[in-house]
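Colleague: quick one: sequence plus predicted model below, questions after.
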Amino acid sequence: MGCPFFEPQYPLEPGDWTEHWVHRPRLPLGEAWSGVCRAISNEAHTPPEVHQREFCNFGYARGRCDRFPASSAADAVRFSVIQENPLRLISILEKAHAPIEHSELNPADTESDGLLLRQARAFAQSCGRISATGQPEQRRAASSP
């Protein structure tokens, strides 16, 4: 579950912070992303990388991040694929680890924009469903033994 105010811009490179993983965790946006905080309207703040890894990419920063608005309805957002072709995602906003709102999204939608859609595109790109330009990726059929 990423922070609802995080705007992912490009994947973070693996580094010292990933060396302790025995198994790579399932990250809310598919990969760890670098980006900007949009918690304060009209301001794009670039948090330190350690902050992005611990709060922005995982959400639930209420009371831990000084930029997280106390009045925010949601603590985190999660995404899941609900349809492959055409690609459709579901986004679920959560507060206190419980769902409070959901919506369906098409990450290839070029008519719309917004923070939630940008997060959905990052998720879809991380999962190999769309390219960095937002175009659908051709998925290979699973080979049988």
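Modeller: Everything's here; your move. Just so it is clear, the model here is predicted, and its values are computed rather than measured. Residues are numbered from 1 along each chain as shown.

Colleague: going forward, measure contacts and count neighbours with C-alpha atoms only.
Modeller: Noted.

Colleague: any idea which residue sits dead centre in this protein?
Modeller: Nearest to the mean C-alpha position of the chain, by C-alpha atoms, centre = their mean, lies L29 at 3.5 Å.

Colleague: can you verify my assumption that it contacts G2?
Modeller: Yes - with contact defined as C-alpha atoms under 8 Å, L29 reaches G2; the gap is 6.8 Å.

Colleague: please enumerate the shared neighbours of those two.
Modeller: Residues touching both L29 and G2 (C-alpha atoms under 8 Å, 6 or more residues apart in numbering) are N57, R78.

Colleague: element containing the residue nearest to the centre of the chain, please.
Modeller: Assigned by DSSP states H and E, L29 belongs to no helix or strand.

Colleague: cool, and A124?
Modeller: Secondary structure assignment for A124, by DSSP H and E: helix 115-126.

Colleague: run through who's touching that helix.
Modeller: In contact with helix 115-126 (C-alpha under 8 Å, 6+ apart) are residues 4-9, 28-31, 79, 89, 91, 105, 107-108, 130-132, 134.

Colleague: now tell me which helix or strand of this structure has the poorest mean pLDDT.
Modeller: Ranked by mean pLDDT, DSSP states H and E, the helix or strand of the chain with the weakest confidence is helix 49-51, at a mean of 86.
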